[in-house]
Every structure is written in C-alpha cells, then in structure tokens.
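Trainee: heads up, no residue letters with this:
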C-alpha cells in the first residue's frame, strides 16, 4: 500500500529528453498561471471595460508618436549601420565612433523642445564630444571591444 | 589583515567617482540607481575586481541617496525608493525649510546606510556558513522561497508577480542544456534558424541593460521627454531658506528610535529578494505613522517622515547584498546587475564566496562604508550645487545612455552584435511588458535563477527518482517549506484585506 502511494511521486527522467523536462513544467506553469489570472481578474476587467471605467488602450493618452517610434526606428538604424561600418574598419571601433555621432545628434534633436541656437550648439558639441570621449577612454585606454 | 593589501588610494577614488555619478543619476527623475550601475558596468571590464566593485557600490549608494533631492525640492521622487520622502519633504520646502529637509534626509541616509553595512558584515558570514551545507534540494527550495516572497510582496497581485517570475525563468532556459552542468547539450525553446545566435541563450547583461536602460527611455519617449523641471504645483527649483529652515543636528532629538527602526526595516526588506526600495520606505513610513506621538503631522512636513523614509531606503543597500553574497540570490534589481559584474570577473557568488574571497569581501565592506561617508560629505556640503543637476536636460543625457548601453552590451562577450540586438529586444519587451502589468523585478530574479533552478530540480530528481525527496531530505527542507507556506498565506491574506478595503 505504502509503495503504491509513493509510486505516484516517482519520476523517471530519460536523459536524451532531459533538456525538455524542466522547460515543459515551466510552460505548463505559465499556462496555469495565465488561466488563473484570467479566471480571477478577467470578469472584473471586462465589466470595467463595459462600464467605461477602463479603456483598452495600449499607449497613454496623447502619447508622443514621433518621439516613441522615432527612438525605436533610430536605434534599429543605428545598430544596422554601426555593424556595417564596423566591418569596413575592423577592430578599430570606428564603426561605433562614426555612427554614434549622427545617431546622438538625431536623438537629441528628436527629444529637444523649443529648439534655439544655444541648444543647437550644445547638442552638436555634446553629440561629438561624448562619442569621441567614450571611444578614446573605453576603446583605446581600456581596450574594450567596440563595433 | 590580508585585505589591507587590496585597499589602495585608487579604490577610494573609484568610490568617490561612483558616488558622484550615482548621486547625479539618482537626482535626475527618470534615471535610477539600477540604470547607473548598468550603464557604468562597461567601465569595470578592464578594472580589477576590487576597484570595479568600489565604483559600482559607490554608484549604488549614491544613486539611492540622490533620489531625495528632487523628492524634497520638486515633489518628484528621483528614484522609486524616495516616494515617501516627498510626503513630508516637499511640504517642508514649501514652508522655506528645504535645506533643513535635505540635510535631515542626508544624515538619515548616512545612518541607515551604516546600520545596514554593520548588519551585512556580521550577518552574511553566518548565513553563508549555514548555506554551505545545502544540497541541490535545499538550494532549489531557497529559489522557490525567493520567488514566493517576491510574489507575495508584489505591487499588484501575487499571481501577476509569480507569472512575471516564471516568465523570467522561461527566458533563461532558452539555449543549450549545458553539458558542463550535467545536461545533454541539446537546445530547446527555439526554432532551428535561431540556434546559431542563441546557442548559449540570452546574456544576462544585455537583458539587464535593455530592461533598465533602453526600456526606461522608451517609456519616457512615449511621454514626450518633457524637460521643464518644475515641481508639481509649477514653482521652479530653488533651495529657499528662511530662518526656520536652518538645519541643526537637534532635529534628531527624540528621533533615534525612528532612525534605528527605519534603518532596520530597510535592511530587512532589502534582504527579501526582489523587493525594491519603495516597499522599504513605504513600510517604515507607515510604521512611523503608527508609532508617532502626533500622526496627524505626518504628510504635512514633519521631520520624522523624512527621517523614516530616508533611513529605510539607504538601509536597503547593505540589506540587498546579504542574500547576494551568502546565497547568490540578488536582493533587488540593482544587486541583480551587480551579479553581472561578478560574473564578468569570473567570480561565483554564493555560500562559498566569503570563505574563498575573504580579501574581496572585506574590501567590499570597506568600500561600502567609504561610499556612505563620501555620499554624506558630498551631499551635505555641496547640496546647493547638486540641486542644479536636476535641471540637466534629458535630450542630452538619453543619447549618452543609449550609447553607453551599446558599449556595455557589445563588449560583454568581446564583440558579439547579437548581444546588441538582445539589448533592443529586451528594451522593447520591458516597455511592452510593463504595459501589460508584467513586473520587472520578479522577471529579472527569475531570469537570473532559472538555469540554476533547473539543474537543482532535475538533478535531484535524477538521483533520488521521487518528488517526495523535496519534503523529506532534511529538517532544513521542511523548515523552508514552512517559510514558503507562510509567505503564500501572507500574500493571500493581504490580497483579501486589500480587496475588502476597496469594496
């Protein structure tokens, strides 16, 4: 009798498949938790929506489309171009240096409000000095690998 | 006294540099201590362990402390842990007692910080000695306990907290089941074409930098990167001082119990894995409210409120290092990034850390003590200049941060472009996830502990062949189950209490 109770808890793991054992448990757990969240909070959530207390909105109200998507697009272009330029000058970190300067200018001009001459000068200086400093200190003095 | 040879003037220079940069990060709303440590990690690649840690610990202490500046002057918490500082700090500023509030906060920070270092120093070796005897089974249960604690103290609901933690584990399992830990070397949780990139899974650092650096910037970009630094009611920044606003150490008269209790609460909350600074300061603030002689004053500019909040959030710094150095489990998101720094230097944190690296351990404690004193001196005497930092425009800072994130991600594995893409992926995931209520702290802890949890769990089952072993292995295992049970019951109790109040 005792043996049969214990045998319920017995586990035999096939070594060839052992890489899937734990991930499967975790995925089941994720599904269970998700189901539990839906069951417990789902009804109140949809009631709130129907009653107009909650809106199905992903972004904040009046969110800044240009700055948000501009950042994402800018970062993607930054990475792609940096990788490409880096292959033209391998092991010099020049890909990083040459592409970071225009990227930082782009991002600063994207983020700045009420641009004036003083701010323009500061942005141009900042986006030139910062990458050069980082490139020199990290890449040349500290010997850190840069793209 | 072997560690004395590790102490050099350089170490103290790095600590000072770290504290200054940390204060700047902490003082600027939208930039946190975690971000400071993550962004500055690449600087430590070429430093030795002790100097690198000195820099990072300086950043940590400075970052947590800097948050009080905008909290008091502008009613905007510079870091999440200074939320409760705004409750009393800002009313004091409005009364012309800004300087008094700032200096009270700074002194309380020093006290909380030092108290936590002492607890760290005496408590961690004890816990390590105890944890050395742990087998895989107890180690797995410790991780389970950590996750249950994170979940039970999670901001929204226990289920969402657990879900975030388990999701973190899932992401950590992507890659190869490594032969070096007894796996079979097969890849899982991916399609064939991904094998080339993800053979060893996602690297920890790009994930961290993505979540805390890029993710935060995306959130700010959505809000339009507003720069006008103004307090909530529209007045501009200045440390206005009236006669009553002069600071003297007499404000601490009768506040010693408060100072001590808040520091202890902060340290204790810091030890609980995944529970951030805001929980520490909120808890100690409510305690002070309960014990105060005149609770009605709190929230209207009472010195004791600032003391409670600031002593607690600096108590966090030492506390969060306790589980990191004794069990290998980070106490909060900043210490999670510190794990990255240890891995970089090829050091394993866990029960053996102190015994095997006594010199480094002692110099860490010294660096932490030094960081607290440096923080105090800099902030106490240069507070008027630091207050100006709050106005440094974000359109200049954010591009620099993204650039530093790229350096950090690219250099971590000596030049792998995929790590840079990981940074973007997790930046976007962190941003999208927070919209759906996924919590970052449990996610990160799950991600860090996931792989070890797998090895402990699967290997225990392989050798014992039965699930019952997790309950019957040792008295410690039973004790850990009791702790897990308590934390689950506590969270169910507190959820019920919350929902009955809201009804």
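Mentor: Yep, it's here. What you see is a predicted model; the values in this text were computed from it and never measured.

Trainee: Every contact and neighbour count from this point should use C-alpha atoms.
Mentor: OK.

Trainee: remind me, longest helix of chain A?
Mentor: helix A:18-50 (DSSP state H).

Trainee: how about the strands in the stretch 401-503 of chain B?
Mentor: Shown for the stretch 401-503 of chain B, no strands are assigned by DSSP state E, counting those that start in this stretch.

Trainee: low-confidence ranges in it?
Mentor: B:498-499, B:501-503 (pLDDT under 70).

Trainee: Next to chain A in this structure, residues from it, please.
Mentor: B:403, B:407, B:410-411, B:414-415, B:417, B:420-421, B:424, B:435, B:454, B:458, B:461-462, B:465-468 (Cα under 8 Å from any Cα of the partner chain).

Trainee: Show me these that map onto helices.
Mentor: B:403, B:407, B:410-411, B:417, B:420-421, B:424, B:435, B:454, B:458, B:461-462.

Trainee: which SSE is the residue most central in space within chain A in?
Mentor: Residue closest to the mean C-alpha point of chain A, counted by Cα atoms, centre = their mean, is residue A:72 at 9.7 Å. Residue A:72 is located in helix A:65-88, with elements delineated by DSSP states H and E.

Trainee: how about that helix against chain B, any contact?
Mentor: Yes: using Cα under 8 Å from any Cα, helix A:65-88 reaches chain B at A:65, A:67, A:68, A:71, A:72, A:75, A:76, A:79, A:83.

Trainee: Could you do stretch A:120-136 as well?
Mentor: Yes: with Cα under 8 Å from any Cα as the criterion, chain B is reached by stretch A:120-136 at A:123, A:126, A:130, A:131.

Trainee: May I ask which two of those are separated the most?
Mentor: A:123 and A:131 (12.5 Å; Cα to Cα).

Trainee: Just give me the neighbour total for the residue in chain A positioned nearest to chain B.
Mentor: For chain A, the residue closest to chain B is residue A:10, as judged by Cα to the nearest Cα, at 4.1 Å. Applying other Cα atoms under 10 Å in any protein chain shown, we find 15 other residues in the vicinity of residue A:10.

Trainee: Which strands and helices lie in contact with the longest helix along chain B?
Mentor: Assignment by DSSP H gives helix B:98-132 as the longest helix of chain B. The elements that helix B:98-132 packs onto, with contact taken as 3 or more Cα pairs under 8 Å, 6 or more residues apart in numbering or on different chains; DSSP states H and E, are helix B:68-74, helix B:83-94, helix B:256-271, helix B:303-327, helix B:358-389.

Trainee: which stretch among these comes nearest chain A?
Mentor: helix B:358-389 (16.4 Å).

Trainee: quick one on the thing from earlier: got the buried residues for the helix holding residue A:72?
Mentor: Residues of helix A:65-88 classed as buried by neighbour count (16 or more other Cα atoms under 10 Å in any protein chain shown): A:67-68, A:70-72, A:74-75, A:78-79, A:81-83, A:85-86.

Trainee: Give me the distance between it and the centre of its chain.
Mentor: 13 Å (Cα atoms, centre = their mean, to the nearest Å).

Trainee: And the contacts of it?
Mentor: The contact list for helix A:65-88, computed with Cα atoms under 8 Å, 6 or more residues apart in numbering or on different chains, reads A:92-96, A:99-100, A:103, A:106-107, A:110-111, A:147, B:218, B:221-222, B:224-225, B:417, B:420-421, B:424.

Trainee: Average pLDDT for the following helix or strand past it, rounded please.
Mentor: Scanning forward in sequence from helix A:65-88 by DSSP H and E, the next helix or strand is helix A:94-111. Averaging pLDDT along helix A:94-111 yields 94.

Trainee: show me the contacts for residue B:86.
Mentor: Contacts of residue B:86 (Cα under 8 Å, 6+ apart): B:71, B:72, B:75, B:76, B:77.

Trainee: same thing with residue A:106?
Mentor: So residue A:106 contacts residue A:74 (Cα under 8 Å, 6+ apart).

Trainee: State the helix or strand in which the closest residue to residue A:108 other than its chain neighbours lies.
Mentor: Sequence neighbours aside, residue B:395 is the residue nearest to residue A:108 in space, at 4.8 Å (criterion: Cα to Cα, 6 or more residues apart in numbering or on different chains). For residue B:395, the host element (DSSP H and E) is helix B:394-412.

Trainee: Could you check which residue of the stretch 51-200 of chain B lies nearest chain A?
Mentor: residue B:177 (5.5 Å).

Trainee: Enumerate every residue touching that residue.
Mentor: Counted by Cα under 8 Å, 6+ apart, residue B:177 has contacts A:19, B:183, B:184, B:185, B:186, B:187, B:188.

Trainee: for the second one, helix, strand, or coil?
Mentor: Here residue B:183 is recorded as coil under DSSP: H, G, I helix; E, B strand; the rest coil.

Trainee: these two touch, right, it and residue A:18?
Mentor: Yes: contact criterion Cα atoms under 8 Å: residue B:183 and residue A:18 qualify, at 7.3 Å.

Trainee: got the phi/psi numbers for residue B:176?
Mentor: Note on residue B:176: backbone dihedrals following degrees, to the nearest 10 are phi -90, psi 140.

Trainee: With adjacent residues omitted, what lies nearest to it?
Mentor: residue B:187 (4.1 Å).

Trainee: Quick check, the one you found in contact with residue B:193.
Mentor: No: here residue B:187 does not reach residue B:193: they are 11.7 Å apart, not a contact under Cα under 8 Å.

Trainee: Who has more neighbours out of the two?
Mentor: residue B:187 (21 against 8).

Trainee: give the contact list for the more buried one.
Mentor: Here residue B:187 is in contact with A:19, B:174, B:175, B:176, B:177, B:195, B:199 (criterion: Cα under 8 Å, 6+ apart).

Trainee: From those residues, pick the one nearest residue B:214.
Mentor: Once Cα to Cα is applied, the member of those that ends up nearest residue B:214 is residue B:174, at 22.0 Å.

Trainee: need the residues of stretch A:120-136 next to chain B in CSV with neighbour count, pLDDT and distance to residue B:142, can you?
Mentor: Shown next, in CSV, are these (neighbours: other Cα atoms under 10 Å in any protein chain shown; pLDDT from 0 to 100; distance: Cα to Cα, whole Å):
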residue, neighbour count, pLDDT, distance to residue B:142
A:123, 21, 94, 50
A:126, 20, 93, 48
A:130, 20, 93, 44
A:131, 21, 94, 44
